[in-house]
Structures are given as C-alpha cells and as structure tokens.
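>>> Predicted model, plus sequence, below.
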Amino acid sequence: MPIIRSTLFNLAFYTWGVVASVVFSPTLLISRRATYFSNQIWIKGVFFLMRTIMDLKVEIQGVKNQLSPPVIYASKHQSALETMLFHYVLNDPAVVLKRELMWIPFFGWYFKKLGMIPIAREKNKGTSSLRKMLKVCKIAVDNDQPIVIFPEGTRSSPDQPGQYQSGVASIYKHLDIPVVPVALNSGCYWPRRCFLKRPGVVTIQFLDSIPPGLPRQEFMSVLQSRIETASQALNNVRQQ
C-alpha cells in the first residue's frame, strides 16, 4: 500500500508542478503580487494531494512564538517538504536557497520573482556570495518579508545531528534582528532522496526567539541546541 500511495502521489505532485508552472507563467510578466497568489494556489494544491493521497497532514505548534517582520526563521532541514511548508505557514517569506535552483526553467523564474535569496556554496565564491546574500536579505527586510534559512545548508536524516553553517550568524549579526528557531520532523514522513512517503502528521514547531546582539559563538550554540533538542523530541514522539 505505501508504494502504491507514493507512486500516485509522486506522479500527481510532479504533474501538478509542471501544469501549475506553465499555467501561471503569465503572472511572471504581470506583477510580484500575481506571482505570489499563483504560488499559494500551487502550494495549497500540493497539500491537498498530501492529505488525499498520502494521508499526510501538517500540525503547527508554537504559533505564539512567530514574530512580525523583521525576523529570521532558522529551521531544521530534513526534507523537500519544508521548502514549500514555510510558504504555507508564513506570509510571503524570503527563503535562502542554493543558487543553482534559480537556474531551473520556470521554477527558477518564480523563485526570482518572489524574492528568494540565492547563495553560492562554492568555497572560492564564499565572501562575494555572502555579501550578495546579505544585500538581498536587507532588501527582503525592507519589504517586510520574514527571512527563512536552513542553517545546515542541506537536508539531514532525522537521526543525524546537523552540521550548522555560519551563514545564519552572518545574517543575524548584519541585520541585528531576532531569530526564531524552528524544529520539525518532516524527514520521518518525507525522507530525503527517497521515493516512498509515509502517512501521518508532520509537526513544525516554532521555538522561543533569540534576541539580537548575542556574540556569534553563543548565538550558534543556542540556536543549534534548541533546534536539535526539539527536533529530536519530535522524532522520538513519532517513533513511539
């Protein structure tokens, strides 16, 4: 049964993605507002497919910890799901993503129109890429967009402690705004690089915010501790 559900879901997911990207492409020539509206329709369609085909739902915890912009949301990264999830639970976020995604036909055009924040991960381009990223982050803040970043830089399995990168600390220091850590257990249901998806309830948990002004090492220590502890707790609940 799981393989049948997963096959149907993956087929519907990719078909819906292609159809939506083509049908809504005229919004790229109209306005950012129109593109944002079409993106919401696509994402709501994805979550409809998750519920009806996979019996996979989303539960949001800690809503009281969400802050109005300017704010950075620093999230655990276990699955492709959260790249869509934050567009579902936050209002018009600017997500930090790898630059290569901006080159994908149609999808990359949407990312650019929506104000996503690209970053190059090549070491020889680290400093210049960081400067560009910080500049785009400032533009997002000026546009009242919450910033979303995955400090690990790549997806990790639920039982794998993250290797946190320093980019989030640079944004935190440069913008001097609070950071809301986010824990989740999406990898338990939508594993990375895995065809099979599992039914259940993905939990996303907004944790207590970290105020601006902490020293870099202290900030990174607090951020990683909160995200990893809470994410592991969510993973353990799912396994019981």
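Perfect, thanks for sending it.

>>> confidence score at residue 2?
In this model, residue 2 is scored at 77, pLDDT.

>>> Let's verify the residue nearest to the spatial centre of the chain: helix, strand, or coil?
Central residue of the chain (C-alpha atoms, centre = their mean): residue 83, 3.6 Å from the mean position. Of the three states, residue 83 takes helix under DSSP: H, G, I helix; E, B strand; the rest coil.

>>> contacting residues for it?
Contact partners of residue 83, counting by C-beta atoms under 8 Å, 6 or more residues apart in numbering, are 95, 97. Where you see a C-beta, it was placed from the backbone N, CA and C, and this is true even at glycine.

>>> and it, how far is that from residue 236?
Residue 83 is 25 Å from residue 236, where distance means C-beta to C-beta, to the nearest Å.

>>> Output the longest helix seen in the chain as PDB - backbone C-alpha positions only.
With DSSP state H applied, the helix covering the greatest number of residues in the chain is identified as helix 216-239. Taking C-alpha atoms only, helix 216-239 is exported to PDB below (Å, rounded to 0.1, in the frame of the first residue of the first chain):
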ATOM      1  CA  ARG A 216      28.500  34.800  17.300                       C
ATOM      2  CA  GLN A 217      29.600  31.600  19.100                       C
ATOM      3  CA  GLU A 218      26.900  32.000  21.800                       C
ATOM      4  CA  PHE A 219      24.300  32.600  19.200                       C
ATOM      5  CA  MET A 220      25.300  29.500  17.200                       C
ATOM      6  CA  SER A 221      25.400  27.300  20.300                       C
ATOM      7  CA  VAL A 222      21.900  28.400  21.500                       C
ATOM      8  CA  LEU A 223      20.400  28.100  18.000                       C
ATOM      9  CA  GLN A 224      21.800  24.600  17.400                       C
ATOM     10  CA  SER A 225      20.900  23.300  20.900                       C
ATOM     11  CA  ARG A 226      17.300  24.500  20.700                       C
ATOM     12  CA  ILE A 227      16.700  23.200  17.200                       C
ATOM     13  CA  GLU A 228      18.400  19.800  17.700                       C
ATOM     14  CA  THR A 229      16.800  19.100  21.100                       C
ATOM     15  CA  ALA A 230      13.300  20.000  19.900                       C
ATOM     16  CA  SER A 231      13.600  18.200  16.600                       C
ATOM     17  CA  GLN A 232      14.900  15.000  18.300                       C
ATOM     18  CA  ALA A 233      11.900  15.200  20.700                       C
ATOM     19  CA  LEU A 234       9.500  15.300  17.800                       C
ATOM     20  CA  ASN A 235      11.300  12.400  16.100                       C
ATOM     21  CA  ASN A 236      11.000  10.400  19.300                       C
ATOM     22  CA  VAL A 237       7.300  11.100  19.600                       C
ATOM     23  CA  ARG A 238       6.700   9.900  16.100                       C
ATOM     24  CA  GLN A 239       8.700   6.600  16.800                       C
END
